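Colleague: A predicted structure for the sequence below; I have some questions about it.
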Amino acid sequence: MSWERRLYTAAHPFAYPLLRGLARRGPVVRVPGVGVVVNDAATARRVLMDGEAFRKDGPGSPGDLWTPVLGPSVLLNMEGDGHRALRRRLTDLFTPAYSDALCARVLAGPLDAVAARLAAGAEVDLVDVMRHAAGAVIARVIGLDADEAACRELFEQGERIVAMVSLRTRRLSPAQVARARAVLEPLGGAAAKAYAAGDESTVMGRMRALGLSEDEARGAAGAFFLTGTETVATLVPRLIALLHDTRHLDRVAADRSLLDAAIDEAMRVATPTPVMLRSVHAPARIGETAVRPGDRVLIATHNCCRAYGPFDPTRPQPPELRRLWFGAGPHFCIGYPLAMAEIRRVAGTLLDAAPLAVTGRAAARGVLLPAYRTLTVRKARA
């Protein structure tokens, strides 16, 4: 069994075999109690591009999960004119140049320490590295001045909230909503303080300059915290493991022009967003399947992506994929440049230390996003 499959089966021992079994039923299949499942990338893209018929704010959609926690206006649970207006104001928030500069500032110290440990021949746990790195980046985004211990605690708080959700979850219970709000409340306070300061070198200050209200900035901070932190943190160890296991690591280390293609291919195989949800708002067809208002659509992103074979960073990806794991159309992830900047920065530090050997690993259990519990590496002999 490949390590990627082990990660999925450890995280979702019952739901994952069911999800993969549905891939063999065809591109679109109606499953009682689940909804209409989409297993084909081109079909999935058409659904995601149609924000009129397929929405994120209806029954069975992400809005059912996150609106009680984050409020009604945080992009991931909005549609229509309100969504378009808010997204236009946020378009310039995470430009590639700004995202790269932010990650360079925040991660310089932690990554220098990682590089020094690898150069000295010590083992480094990439899962632990990413908990610190992802916590540090999101702390800066929110406006927190956090030391290493606080960054790790911040990451763990987000992890505990996300762990409340499984592939079968439709709504959080009142107790779960209360726990999530208790975690997010102090973060919202920090975001509001940074917003009030108006420093445009901070993300919250830039939101104020872009014309967002304080409530919109607080909601956005919570959404970034919940949806972006763990996605990036789980991906980097999987990227390095995939490169190592397929013997592509040294090649990418020697030619950094290959890194972005390797990241995209790792995201295709790992599929950090294994499923996406939509609620049907108007009568439509998905392939040959008729759907009606109130139907739930489950886009099996993992099935869509894994249909294109095993990990191979030298193989071009077809147009219908085009970073499908970040969404498509009006809901394409607005934090994509920040995620890529963070991944590139950490991966670059690790590749600088190549050749690397994986010295130990274990799969995480009880998590929403399949992940390594530990993945240790050490500088190998050339």
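Modeller: Cool, got the structure.
Colleague: how about the helices in the stretch 151-300 of the chain?
Modeller: Using DSSP state H, counting those that start in this stretch, the helices found in the stretch 151-300 of the chain span residues 174-197, 203-209, 214-245, 249-254, 259-270.
Colleague: nearest to Leu277, of these?
Modeller: Closest approach to Leu277 among the helices of the stretch 151-300 of the chain is made by helix 214-245 (13.2 Å; CB to CB). Every C-beta, even on glycine, is put in place using the N, C-alpha and C of the backbone.
Colleague: so who does the closest residue to Phe326 other than its chain neighbours touch?
Modeller: In this structure, Phe326 finds its nearest non-sequential neighbour in Cys333, 4.1 Å apart by CB to CB, 6 or more residues apart in numbering. Residues in contact with Cys333 (CB atoms under 8 Å, 6 or more residues apart in numbering) are 227, 326-327, 339.
Colleague: now do 10 Å
Modeller: Neighbouring residues of Cys333 by CB atoms under 10 Å, 6 or more residues apart in numbering: 75-76, 94, 227-228, 231, 273, 323, 325-327, 339.
Colleague: ok, now Pro27?
Modeller: 37-44, 286-289, 303-304, 307.
Colleague: just to be sure, the residue nearest to Phe326 is in a helix?
Modeller: No - going by DSSP: H, G, I helix; E, B strand; the rest coil, the assignment for Cys333 is coil, not a helix.
Colleague: and it, what pLDDT?
Modeller: As predicted, Cys333 sits at a pLDDT of 84.
Colleague: now swap in Phe54 and tell me
Modeller: So, for Phe54, pLDDT stands at 91.
Colleague: so how many other residues sit close to Ala220?
Modeller: Residues within reach of Ala220, counting by other CB atoms under 10 Å, total 26.
Colleague: that one contacts Met207, correct?
Modeller: Yes - Ala220 lies in contact with Met207 (CB atoms under 10 Å); the separation is 6.7 Å.
Colleague: anything in contact with each of these two?
Modeller: Contact criterion CB under 10 Å, 6+ apart; residues shared by Ala220 and Met207: 90, 93, 191.
Colleague: next, count neighbours for the first one.
Modeller: When you say that, I think you mean Leu90. Number of residues near Leu90 (other CB under 10 Å) recorded here: 18.
Colleague: residue nearest the middle of this structure, spatially speaking?
Modeller: Nearest to the mean C-alpha position of the chain, by CA atoms, centre = their mean, lies Thr231 at 3.0 Å.
Colleague: gap between that one and Ala101?
Modeller: 21 Å (CB to CB, to the nearest Å).
Colleague: circling back: the shared contacts of Ala220 and Met207 into JSON lines, with extra columns for distance to Val114 and pLDDT?
Modeller: Formatted as JSON lines, the shared contacts of Ala220 and Met207 follow (distance: CB to CB, whole Å; pLDDT from 0 to 100):
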{"residue": "Leu90", "distance to Val114": "32", "pLDDT": "76"}
{"residue": "Leu93", "distance to Val114": "28", "pLDDT": "81"}
{"residue": "Ala191", "distance to Val114": "28", "pLDDT": "84"}
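Colleague: between those residues, which is nearest Arg105?
Modeller: Closest to Arg105 out of the shared contacts of Ala220 and Met207 is Leu93 (16.6 Å), distances taken as CB to CB.
Colleague: isn't the closest one right next to Leu210, touching?
Modeller: Yes - between Leu93 and Leu210 a contact is recorded at 6.9 Å, counting by CB under 10 Å.
Colleague: looking at the two, which is more packed in?
Modeller: Neighbour totals were compared for Leu93 and Leu210, and Leu93 leads with 20 against 16 (other CB under 10 Å).
Colleague: and the helices in the stretch 1-150 of the chain, which stretches?
Modeller: 3-11, 15-23, 41-49, 62-70, 80-90, 96-119, 126-142, 148-162.
Colleague: relative to Asp352, which of those helices is closest?
Modeller: helix 96-119 (6.6 Å).
Colleague: next, the buried residues of the closest one.
Modeller: Under the neighbour-count criterion of 16 or more other CB atoms under 10 Å, helix 96-119 has 98-100, 102-103, 106-107, 110-111, 114, 117-118 buried.
Colleague: could you do stretch 367-382 as well?
Modeller: For stretch 367-382, a neighbour-count test (16+ other CB under 10 Å) marks 367-372, 375-379 as buried.
Colleague: kindly reformat those as a markdown table and extend each row with secondary structure and distance to Leu243.
Modeller: Shown next, in a markdown table, are the buried residues of stretch 367-382 (DSSP: H, G, I helix; E, B strand; the rest coil; distance: CB to CB, whole Å):
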| residue | secondary structure | distance to Leu243 |
| --- | --- | --- |
| Val367 | coil | 22 |
| Leu368 | coil | 24 |
| Leu369 | coil | 19 |
| Pro370 | coil | 17 |
| Ala371 | coil | 17 |
| Tyr372 | strand | 14 |
| Leu375 | strand | 12 |
| Thr376 | strand | 16 |
| Val377 | strand | 11 |
| Arg378 | strand | 15 |
| Lys379 | strand | 15 |
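Colleague: among the residues you listed, which pair sits farthest apart?
Modeller: Between all members of the buried residues of stretch 367-382, the farthest pair (by CB to CB) comes out as Leu368 and Lys379, at 32.8 Å.
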